[in-house]
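Student: Build me a structure from this.
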Amino acid sequence: MTGRPTERTTRFTGPIRVGLLTPYWAFFDDHFPADYRPSQEAYTGRLAAALEAHGLEVTRSGLLDGEPAAAIARQRFADADVRVVVVAATMAAPPTFGASALADFRGPIVVWDDRRTAHLATDVDEVEATRASSMLGSVMLTNVLSREGRRSLTVTTDGDAEPVVRAVRGAAAADAVRGARLGLLGGAVAGYGDVILEPSHAEALGVELVTIDGPVVDVALERASGVPLASLPAGVRLMDGVAPLLERSLRTHRFLEAVAAETELDAIALNCHSDVLRWGEHLGVVACLGSSLLWSSGVPVACTGDGVTAIALMLGARVAGAAQYSEGYLVESATGELVVSSCGMADLSLAGSAPARLCPNELYPGRHGMGIATRFDFAAGPATIAAFGPGTSTMPHRLVVSAGALSGRGFEHLNGPSGTVDFDDPLMPGASAAWIDAAPAHHLALMRGDRRPELRAASRFLGIEYLEIGPQGRVA
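Tutor: Next up is the predicted model:
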């Protein structure tokens, strides 16, 4: 075995390019003290530095004080390929110029409502009151943007940039989903009506569905035949019986990489139990290991043909760096913890200190024998689960989210990575019923960290409902 999974820069990885738009009104330059404009310029510099300190790539508009400045901002943002714009009004300012600066921009807009003054003295004058009138400038611009049918999200702070950055990450996740190419390989498991992402659902999200048909499969198989097999990730442990199975499972990874490259996919929803993979003449095993390796190179993968959960996984990839395709098996009545596992696909970033175990996938032997499943206990720590539900005649498109803590417990004999996460209140249960009533797909994306602010922002910019489930039910 030689080589490694291909390192890729994808729409879900890399730095987030942000434009910082700072409206200003030059009307007061001849009426206020000489230090007024420089003080506002210095303030925009502090805002930019705060965003950059959190890893964002920031392109500044400069003080937006008229149409010439708007034209400069438009060009700067276009040249930098800005994906999200943060609007931080320095004061009450004519909104038409801000709207003009955004005329060519069609991505998400986050409004930073920064409260610059803790308490005004009773003898405050007009200069100082105007200097901190950022809220006025913000509401002026959002009014005009709303007239144009533009969607924005406001984050209010007292100088702390982190809530804004989290909203920006969520906005970038929505931007990454819009325009993504999602491959459908092998159809869906028979009877799994809840995992189907219909073309109308995909269109509403700006996702392009790409059906991987016979000719593409043939080309990918031919293309993959000349590519070296990938090596295994460091720190995995081969269990008994795995070594003879490795080559065929690694061939599935090579094939999936060829499919993704041939059709320029950003994500894949595949069905292992299909004539292409498990029952195919050329491959003939399930693709758990191949899917895991593809995930490690930045391409989200959902199994069972679950295009719906691929949406949640794409969001997780952008906001958390990766996400585990899994499902919630049950809730323990004594603890309220949700037992989470998968069919054998793995996001190794969620593993604990013990090595991940590569095991023969005895549950799902294929035409040419067994593939390989990955098992480990999810490491303890904060985590978020998210599941997507496409719109129906009775429900809108919705992202269902719950945040808790992984316990560090796992289950040695479950087929894939496993663990438990805080979910329901054992004394006053409500989460299970609320989750079921929300009616998402039955698979979910498991992410490390509390990602609720990011996912709330992503939902806003995708135009879908955000449903948060707490231990006692739905959170208002």
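
Student: going forward, measure contacts between C-alpha atoms and count neighbours the same way
Tutor: Will do.

Student: What are the boundaries of the helices in the chain?
Tutor: Counting by DSSP state H, the chain has helices at residues 36-53, 67-79, 95-101, 126-131, 134-147, 162-177, 199-205, 214-224, 246-262, 288-296, 307-320, 431-438, 452-462.

Student: quick one: Leu414 and Ser341 touch, right?
Tutor: Yes. Counting by Cα atoms under 8 Å, Ser341 is a contact partner of Leu414 at 7.4 Å.

Student: So for those two, which sits in the more crowded spot?
Tutor: Per other Cα atoms under 10 Å, whichever of Leu414 and Ser341 has more neighbours is Ser341, with 29 against 15.

Student: Now the closest residue to Leu136 other than its chain neighbours: phi and psi?
Tutor: Distances taken as Cα to Cα, 6 or more residues apart in numbering put Ala92 closest to Leu136, at 4.9 Å, once the chain neighbours are dropped. Here is the backbone geometry of Ala92 (degrees, to the nearest 10): phi -60, psi 130.

Student: Give me the neighbour count for Ala92.
Tutor: 21.

Student: got it, and the one 5 residues further on?
Tutor: A total of 22 residues lie near Phe97 under the criterion other Cα under 10 Å.

Student: Same question for the one 10 residues further on.
Tutor: Gly107 is flanked by 20 other residues according to other Cα under 10 Å.

Student: before we move on, back to that, out of the helices of the chain, which is the most enclosed?
Tutor: helix 307-320 (a mean of 28; mean count of other Cα atoms under 10 Å).

Student: in stretch 26-37, what's buried?
Tutor: For stretch 26-37, a neighbour-count test (16 or more other Cα atoms under 10 Å) marks 36-37 as buried.

Student: okay, how far is it across that stretch, tip to tip?
Tutor: With Cα to Cα, to the nearest Å applied, stretch 26-37 spans 8 Å between its terminal residues.

Student: just stretch 262-273 next, same as before
Tutor: Stretch 262-273: ends 22 Å apart by Cα to Cα.

Student: Now tell me what touches that stretch from outside.
Tutor: Stretch 262-273 is contacted by residues 10-11, 180-189, 210, 216, 220, 259-260, 277-279, 285-287, 299-307, 310, 314 when judged by Cα atoms under 8 Å, 6 or more residues apart in numbering.

Student: Of those, which count as buried by neighbour count?
Tutor: For the contacts of stretch 262-273, buried by 16+ other Cα under 10 Å: 11, 180-189, 220, 259-260, 277-279, 285-287, 299-307, 310, 314.

Student: among the residues you listed, which are in strands?
Tutor: 181-185, 301-302 (DSSP state E).

Student: got CSV for the residues you listed, with pLDDT too?
Tutor: Output for these, formatted as CSV (pLDDT from 0 to 100):
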residue, pLDDT
Arg181, 98
Leu182, 98
Gly183, 98
Leu184, 98
Leu185, 97
Val301, 96
Ala302, 97
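
Student: Which members of those residues are the farthest-apart pair?
Tutor: Arg181 and Ala302 (13.8 Å; Cα to Cα).
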